[in-house]
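Colleague: Next one to model:
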Amino acid sequence: MFRLKELRMESGLKRSEFAKEIGLPASTVANYENEIRQAPYKLLLAFSEYFNVTVDYLLGKEKGSELNYSVSQKYKGPLSTAEKKLIMTFRDCSPMSQNRILEYADLLKKARLE
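Modeller: So this is what the prediction gives:
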């Protein structure tokens, strides 16, 4: 059982959006999702990194084997589209801007806790 479609839908992505982000035609993604074609190893790695899961999980070999890139167990699971956008934006910023973003995030978090 190939879990590509399940992961894409859990992330709230349309097939065309995901295909554009990963650099493939939507029809190719559909063929992989419907198991008409098998994705090559390089794409399996790209899919697993994109959705933050192991290749074994993607291929249906494991249950609940999401990679844990987070600091805490509280944040386990695939990144949302908004989280990915935030990370990409953060990486595009200068070190000074990155520090400002982190300071602002800390302020927002403190305000939420009060």
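
Colleague: which ones are touching the most centrally placed residue in the chain?
Modeller: The chain has residue 51 as the residue nearest its centroid, 3.5 Å off, counting by CA atoms, centre = their mean. Contacts for residue 51 (CB atoms under 8 Å, 6 or more residues apart in numbering) come out as 7-8, 11, 58, 78. C-betas here are computed from N, CA, C, even on glycine.

Colleague: Show me which pair in those residues is furthest apart.
Modeller: Spanning the widest gap among those are 11 and 58, at 13.2 Å by CB to CB.

Colleague: Settle it for me: which of those two has more neighbours?
Modeller: Higher neighbour count among residue 11 and residue 58: residue 58, with 23 against 18, using other CB atoms under 10 Å.

Colleague: Could you point out the longest helix of this protein?
Modeller: Identified as the longest helix of the chain according to DSSP state H is helix 95-113.

Colleague: So which residues make contact with the helix or strand bottoming out on mean pLDDT in the chain?
Modeller: The helix or strand with the lowest mean pLDDT-type score in the chain, counting by mean pLDDT, DSSP states H and E, is helix 81-92 (a mean of 83). Helix 81-92 is contacted by residues 11-13, 79, 98, 101 when judged by CB under 8 Å, 6+ apart.

Colleague: Count the residues that sit near the nearest residue to residue 46 once chain neighbours are set aside.
Modeller: Closest residue in space to residue 46, ignoring its immediate chain neighbours: residue 22 at 6.3 Å, by CB to CB, 6 or more residues apart in numbering. When neighbours are defined as other CB under 10 Å, residue 22 has 15 of them.
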